[in-house]
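J.: With the sequence up front, the predicted model follows.
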Amino acid sequence: MNEDLDGVATWSTRNALVLNPSKSKFMVLGTKRQIDRIVAADPRVAVMGNTVNRVDEAKNLGVMLDSRLRFESHVQNLFKICFYRLKVLYKVRSFLSEKARITLVESLILSKLNYADLVYGPRLSVGSQQRIQRIQNACCRFCFNIPPRSHVTPYLNSASMLNMESRRRLHLATMMFDLVKFKNPEYLYAKLKFSVSQRVIMVNIFITKTYFLILKFGHQYNLISEC
């Protein structure tokens, strides 16, 4: 693997790209048992002779990744940001119509939850799912002036708004439709495996399980190397 990393560094230099080994980190992904086994082996990862340190968390394109891909730190960060923004909106709620409140909530708060939910959504624990739903519930109370002990579901239904779990499913279904129907994006379509059944059923798609070692090279370069 270190030889491959040196090859990446050489290629970067030839193509006038900056690769900073001192800012590079690597992360081991897997189950707790797999991670413990690899960490116990104490592998030395180096780029051009410079040792790369291991981390348990790293941010990439605004998403906080952790070694077990549970995204708990990411959800915790979303929780803080969203409630802070909602607190600011409460200061001007009396000046806003219901339609304006919904627009602001969707654009400033719920959009944060929609971003990259295809990545973190399938790996959320029950506790993380509940925390995300609490954010939407609070937004719903802000928009419709719902009393503290009243349920928000009737208000969501009347406004034709999906709860957060249904939103994630909708986004996933939309992506899968585009992927299968239009083969877009091509790099994801190439990873799909189809099975053809003699019965009249929907096409089955097999998802191959793989484990990856992710290395983050500063802010200039990202590499995913399959182990």
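T.: Yep, that arrived.

J.: For residue 63, list the residues it contacts.
T.: The contact partners of residue 63, by C-beta atoms under 8 Å, 6 or more residues apart in numbering, come to 71, 74, 116, 119, 120. (Glycine included, C-beta is placed from N, CA and C.)

J.: This protein: strands as residue ranges?
T.: Counting by DSSP state E, the chain forms strands over residues 24-28, 46-47, 50-51, 53-54, 57-60, 63-66, 193-195, 204-206, 212-217, 221-226, given from the N-terminal end onward.

J.: Residue 137: neighbouring residues, count only.
T.: 19 (other C-beta atoms under 10 Å).

J.: now the one 3 residues further on
T.: Other residues near residue 140 number 21, with proximity taken as other C-beta under 10 Å.

J.: which residues sit in contact with it?
T.: With contact taken as C-beta under 8 Å, 6+ apart, residue 140 is in contact with 146, 152, 155, 156, 161.

J.: pretty sure the second one contacts residue 141?
T.: Yes - assessed by C-beta atoms under 8 Å, residue 152 is found in contact with residue 141 at 6.6 Å.

J.: neighbour-wise, which of those two wins?
T.: In terms of neighbours (other C-beta under 10 Å), residue 152 is the more surrounded of residue 152 and residue 141; the figures are 19 against 16.

J.: got the phi/psi numbers for that one?
T.: Dihedral angles of residue 152 (phi, psi; degrees, to the nearest 10) stand at phi -90, psi -20.

J.: any idea how far it lies from residue 130?
T.: Between residue 152 and residue 130 the distance is 14 Å, computed by C-beta to C-beta, to the nearest Å.

J.: Sketch out the low-pLDDT regions of this protein for me.
T.: 196-227 (pLDDT under 70).

J.: 80 - rerun?
T.: Low-confidence regions of the chain, defined here as pLDDT under 80, cover residues 195-227.

J.: how does it divide into domains?
T.: Residue ranges of the domains in the chain are recorded as 2-55+214-226, 66-172, 176-206, according to automatic domain parsing.

J.: Nearest residue to residue 155 in space, please, no chain neighbours.
T.: Nearest in space to residue 155, with sequence neighbours left out and distances taken as C-beta to C-beta, 6 or more residues apart in numbering, is residue 144 at 4.8 Å.

J.: ok so, going back, show the buried residues in the contacts of residue 63.
T.: Buried subset of the contacts of residue 63 (neighbour count, 16 or more other C-beta atoms under 10 Å): 71, 74, 116, 120.

J.: so which two of those residues are the farthest from each other?
T.: Comparing all pairs in those by C-beta to C-beta, the longest separation belongs to 71 and 116, at 9.3 Å.

J.: Tell me who's in contact with residue 21.
T.: 9, 46, 47, 48, 50, 52, 217.

J.: do residue 103 as well
T.: The contact partners of residue 103, by C-beta under 8 Å, 6+ apart, come to none.

J.: and if you look at residue 129?
T.: Residue 129 sits next to 164, 165 when contact means C-beta under 8 Å, 6+ apart.

J.: 7 Å instead?
T.: Residues touching residue 129, when contacts are defined by C-beta atoms under 7 Å, 6 or more residues apart in numbering, comprise residue 165.

J.: As a check, name the ranges of all helices in this protein.
T.: Read by DSSP state H, the chain holds these helices, from start to end of the chain: 2-14, 32-41, 72-90, 98-105, 111-114, 117-120, 126-144, 153-158, 164-182, 186-189.

J.: Output those in JSON lines; the columns should cover distance to residue 64.
T.: What follows is the helices of the chain, written out as JSON lines (distance: least, C-beta to C-beta, whole Å):
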{"stretch": "helix 2-14", "distance to residue 64": "24"}
{"stretch": "helix 32-41", "distance to residue 64": "17"}
{"stretch": "helix 72-90", "distance to residue 64": "4"}
{"stretch": "helix 98-105", "distance to residue 64": "23"}
{"stretch": "helix 111-114", "distance to residue 64": "13"}
{"stretch": "helix 117-120", "distance to residue 64": "9"}
{"stretch": "helix 126-144", "distance to residue 64": "12"}
{"stretch": "helix 153-158", "distance to residue 64": "28"}
{"stretch": "helix 164-182", "distance to residue 64": "17"}
{"stretch": "helix 186-189", "distance to residue 64": "22"}
